[in-house]
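# I need the structure of the sequence given here:
(chains A and B)
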Amino acid sequence: MITDILAEKVTAAFKAAGYDITANVTLSDRPDLCQFQCNNAFAAAKAYRKAPFIVAEETAKVLSADPMFKSVEGVKPGFVNITLTDEAIAAFADEIASDENAGVPVEKSEVIVMDYGGPNVAKPLHIGHLRSAIIGQSLKLIARRMGKTVHSDIHLGDWGLQIGLVIAELSERMPQYSCFGDYHEGDALPELTADMLNEVYPTASGRSKTDEAFAAKAHAATVALQERRPGYIALWNEIMRVSCGDLRANYDALGVDFDYWYGESDADAYIPELMDILDRKGLSYESDGAIVVDVAEESDKAPIPPVIVRKSDGSSIYATTDLATLIQRQRDFAPDKVWYVVDNRQEQHFTQVFRCARKAGIVPDGTGLEFLGFGTMNGTDGKPYKTREGGVMRLSDLISQVVTAARERMDEQGRTAEAERDENARRIGMAAIKFGDLINHRSKDYIFDIDKFLSAEGKTGVYILYTVSRINSILRRASESGAPTEGKMTVSSDSERDLMLALITSGQSWKMALSERAPSYICEDVYQLAAAFSRFYHDVRILDEEDEAKRTSRLALCSLTRNVITAHLDALGIKTVETM
RNA sequence: GCGUCUUUAACUCAGCUGGAUAGAGUAGCUGCCUUCUAAGCAGCAAGCCACAGGUUCGAAUCCUGUAAGACGCGCCA
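Residues are numbered from 1 along each chain as shown, chains lettered A, B, ... in the order given. As a prediction, the model looks like this:
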């Protein structure tokens, strides 16, 4: 990467000037003065008790012999200001153009297990599930593109109280079925549909809060299910079948996928082993009828309560299945890292689970267990997003609303062939939603504003797709006329230089995105790339440039820009369109 | 009550390990379509970086306190 190469050169220059210090080179904060800057002369000055300006000047003097630089200056308080020659910039751009990975930096290989999605079966996917899905998917794609091996697991919520609630509710609605009583294999089961389940769960959940007898029944059903009572297991299989089909359709529409559709229930087989380990190591003990493990540490500012691994009614709880799942993951994948993309509000729960896992030796010390929390999606009023009627919005409704709006806009434009409009509208709508979400830092709450995301003016997914479709249009015309779209690049205008600079420095956003586990850096960078292209597009002529070498260079630049932008969009889970 | 996070332009947000005149997008105001998609581009205006102290040659950034808001605090996930 360009900044790494520059950092090496500046470090060597520091050394040549007599300062043993590692340089860091960044894009300049003052583009009017230079392209890149290095601030480490301040540190060197401190270490060697000299004036920063002197250090900067001495270092700059060493560097100015390098033909790669148009100018290197030691400036005022102590900055080293660097400007590359146009030839060097174009050469770097050529290099990326011939790079298979489009300039995306590759880092050391690691095995990462990712846990995102986390939908509950028998519960409709609503917009609360959106963030986990699209942030998780994006982080997975970023990590893979940068050389990591990622195993993704949806981790269904399919073994807890929520199932007990559904069973209890169904048993009252249709008591005639034997699955609630003396079940024999082959007996008829209730006919379930996704819509029905989507209604049953909220009803049951609401009832359990006011109706104590019903709540007790749901708890009992949960215990019985986990003890594998045949009728409940049969019904559970049916619930799973119907619900997973519905979930799959929803995730497909989102363009989000998982390598494994494991759930809490798959961890069930590892629970005896877990309980045995905790018992053998003397970590677990009985408290108020439940079995718990202390996880408090001396350095805690606030007391962290013990983690409950078995409820007083004998059933397991999410901490149990999360721990048991770790045993499973260690056995199946021996991961270097496990990433949990879950709601911020679950932080304490995961602190407990991670500590317990470490104390119990379920994962080796070197394994990184990471809680990657995300913030809440709020409405324009700043409160958790609701429908106009005040309910929780279904994910499918949200998507169709956005896609319909995109389709209307496309009909107005009339540039896209009729046959492609539905698919393109879906892509534009999804780009609007995903970009609008991912541009915000993962960990922060953000305001979900459909009109803003679709407005296509400014920093939106629609703007990026629009830019790509313009590039596509040019490249399409070029290939029709037989003009070459590959070749050596040269700089013949400011806007070309700026675009090339944006392209050759865009690897930095990947590094940030991966190290922070936050796709927002890729979003910001791809916007910068698109904006730089738009300026270039307005500034110079491309197809009808008379000078053939310039024309070829510009077409090659278009082609490179498309490839780099597409690499970014791929990592965000956003598909481009040919026309819009 | 305790803990975590947030507070930067009218609105929504960037500002990486402290460094040069605090940056974007939106909204507002001006321009630009007989030339490759105007879902675009160029420009103007807009900020005691919540408040008060401290550390430093230098603080939006680090430390302490105050205020406002969000979230969490044993048998839901």
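# buried sites along whichever helix or strand A:I135 is part of?
Of the helices and strands defined by DSSP states H and E, A:I135 is found in helix A:130-145. Neighbour-count burial for helix A:130-145 flags A:130-143, A:145 (criterion: 16 or more other Cβ atoms under 10 Å). Where you see a C-beta, it was placed from the backbone N, CA and C, and this is true even at glycine.
# now, which of those residues sits nearest RNA strand B?
Using Cβ to the nearest atom of the strand, A:S132 comes nearest to RNA strand B of these, at 10.6 Å.
# Let me see the mean pLDDT of the very next helix or strand once past the helix holding A:I135.
Toward the C-terminus, helix A:130-145 is succeeded by strand A:149-153 as the next helix or strand (DSSP H and E). Mean per-residue pLDDT for strand A:149-153: 98.
# got the angle between strand A:149-153 and helix A:130-145?
160 degrees (axes from the mean of the first three to the mean of the last three Cα atoms, to 10 degrees).
# Mind giving me the packing neighbours of strand A:149-153?
strand A:111-115, helix A:130-145 (3 or more Cβ pairs under 8 Å, 6 or more residues apart in numbering; DSSP states H and E).
# Report the residue ranges of every domain in chain A.
A:2-84, A:114-156+A:263-378, A:161-254, A:395-572 (automatic domain parsing).
# and those domains as TSV, adding distance to A:Y385?
Below are those laid out as TSV (distance: least, Cβ to Cβ, whole Å):
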stretch	distance to A:Y385
domain A:2-84	36
domain A:114-156+A:263-378	5
domain A:161-254	17
domain A:395-572	5
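# what's the closest of those domains to A:E95?
With Cβ to Cβ as the criterion, A:E95 lies closest to domain A:395-572 of those, at 8.1 Å.
# follow-up on the earlier one: of all the helices and strands packed on strand A:149-153, which one is nearest A:F69?
Using Cβ to Cβ, the helices and strands packed on strand A:149-153 put helix A:130-145 closest to A:F69, at 31.2 Å.
# Give me the angle between the closest one and strand A:111-115.
170 degrees.
# Using PDB, write out every CA atom in helix A:130-145.
Extracted in PDB, the C-alpha atoms of helix A:130-145 (Å, rounded to 0.1, in the frame of the first residue of the first chain):
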ATOM      1  CA  LEU A 130     -31.500  -5.900  10.000                       C
ATOM      2  CA  ARG A 131     -28.400  -4.600  11.600                       C
ATOM      3  CA  SER A 132     -27.000  -7.900  12.800                       C
ATOM      4  CA  ALA A 133     -27.600  -9.400   9.300                       C
ATOM      5  CA  ILE A 134     -26.100  -6.700   7.200                       C
ATOM      6  CA  ILE A 135     -23.200  -5.700   9.500                       C
ATOM      7  CA  GLY A 136     -22.300  -9.300  10.000                       C
ATOM      8  CA  GLN A 137     -22.500 -10.100   6.400                       C
ATOM      9  CA  SER A 138     -20.300  -7.100   5.500                       C
ATOM     10  CA  LEU A 139     -17.700  -7.900   8.200                       C
ATOM     11  CA  LYS A 140     -17.600 -11.500   6.900                       C
ATOM     12  CA  LEU A 141     -17.000 -10.300   3.300                       C
ATOM     13  CA  ILE A 142     -14.400  -7.800   4.400                       C
ATOM     14  CA  ALA A 143     -12.500 -10.400   6.400                       C
ATOM     15  CA  ARG A 144     -12.600 -12.900   3.600                       C
ATOM     16  CA  ARG A 145     -11.400 -10.500   0.900                       C
END
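# tell me the mean pLDDT over it?
96.
# any bit of that helix sitting next to RNA strand B?
No. Helix A:130-145 does not reach RNA strand B (Cβ under 7 Å from any atom of the strand); its nearest approach is 10.6 Å.
# before we move on, back to that, let me have the helices and strands packed on strand A:149-153 in TSV, extended by distance to A:G181.
What follows is these, written out as TSV (distance: least, Cβ to Cβ, whole Å):
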stretch	distance to A:G181
strand A:111-115	37
helix A:130-145	38
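# how about the strands of the stretch 51-200 of chain A, start to end?
Under the criterion DSSP state E, counting those that start in this stretch, strands of the stretch 51-200 of chain A are mapped to A:69-75, A:79-84, A:111-115, A:149-153.
# how about JSON lines for these, with distance to A:F374 and mean neighbour count added?
Output for the strands of the stretch 51-200 of chain A, formatted as JSON lines (distance: least, Cβ to Cβ, whole Å; neighbours: other Cβ atoms under 10 Å):
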{"stretch": "strand A:69-75", "distance to A:F374": "41", "mean neighbour count": "19"}
{"stretch": "strand A:79-84", "distance to A:F374": "37", "mean neighbour count": "23"}
{"stretch": "strand A:111-115", "distance to A:F374": "13", "mean neighbour count": "23"}
{"stretch": "strand A:149-153", "distance to A:F374": "16", "mean neighbour count": "20"}
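# What residues sit buried inside stretch A:228-248?
Quick answer for stretch A:228-248 (16+ other Cβ under 10 Å): A:229, A:231-236, A:239-240, A:242-244, A:246-247.
# can you list contacts of it?
With Cβ atoms under 8 Å, 6 or more residues apart in numbering as the contact definition, stretch A:228-248 has outside contacts at A:119, A:121-122, A:124-125, A:156, A:158, A:163, A:166-167, A:170, A:178-183, A:185, A:187, A:189-190, A:192-194, A:197, A:221, A:224-225, A:261.
# Skipping adjacent residues, who's closest to A:T467 in space?
A:A530 (4.0 Å; Cβ to Cβ, 6 or more residues apart in numbering).
# and the one you found, what is it in contact with?
Applying Cβ under 8 Å, 6+ apart, the residues contacting A:A530 are A:463-464, A:467-468, A:565.
# Now do the helix or strand bottoming out on mean pLDDT in chain A: everything it contacts.
Across the helices and strands of chain A, mean pLDDT, DSSP states H and E gives its lowest value to helix A:450-454, namely a mean of 84. The contact list for helix A:450-454, computed with Cβ under 8 Å, 6+ apart, reads A:398, A:401-402, A:405-406, A:409, A:429, A:432-433, A:435-436, A:460-462.
# ok, 10 Å please
For helix A:450-454, the external contacting residues (Cβ atoms under 10 Å, 6 or more residues apart in numbering) are A:379-380, A:398, A:401-402, A:405-406, A:409, A:428-429, A:431-437, A:439, A:458-462.
# The following helix or strand past it: which residues count as buried?
Counting by DSSP H and E, the element after helix A:450-454 in chain order, helix or strand, is helix A:461-481. By neighbour count on 16+ other Cβ under 10 Å, the buried set for helix A:461-481 is A:461-472, A:474-475, A:478.
# Same check on stretch A:295-303?
A:V295.
# and the end-to-end length of that stretch?
End-to-end distance of stretch A:295-303 (Cα to Cα, to the nearest Å): 10 Å.
# how about the helices of the stretch 101-250 of chain A, start to end?
With helices called from DSSP state H, counting those that start in this stretch, the stretch 101-250 of chain A shows them at A:130-145, A:161-173, A:194-210, A:212-226, A:230-254.
# Can you tell me which residues in the stretch 451-580 of chain A are near RNA strand B?
Close to RNA strand B, as judged by Cβ under 7 Å from any atom of the strand, the stretch 451-580 of chain A has residues A:452, A:455-459, A:462-463, A:466, A:469-470, A:472-474, A:477, A:512, A:524, A:527, A:531, A:534-535, A:537-538, A:540-544, A:578-580.
# Which residues of the stretch 251-400 of chain A lie near RNA strand B?
So the stretch 251-400 of chain A meets RNA strand B at A:264, A:287-290, A:292, A:301-303, A:305-306, A:308, A:311-313, A:317-318, A:343-349, A:376, A:382, A:384 (Cβ under 7 Å from any atom of the strand).
# what helix or strand does A:G382 sit in?
Going by DSSP H and E, A:G382 is not in any helix or strand.
# Now do the same contact list for it.
A:445, A:447.
# that older thread, got a ChimeraX select line for the buried ones in the contacts of helix A:450-454?
The buried subset of the contacts of helix A:450-454, as determined by 16+ other Cβ under 10 Å, is captured in ChimeraX by this line:
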select /A:379,398,402,405,406,428,429,431,432,433,434,435,436,437,439,459,460,461,462
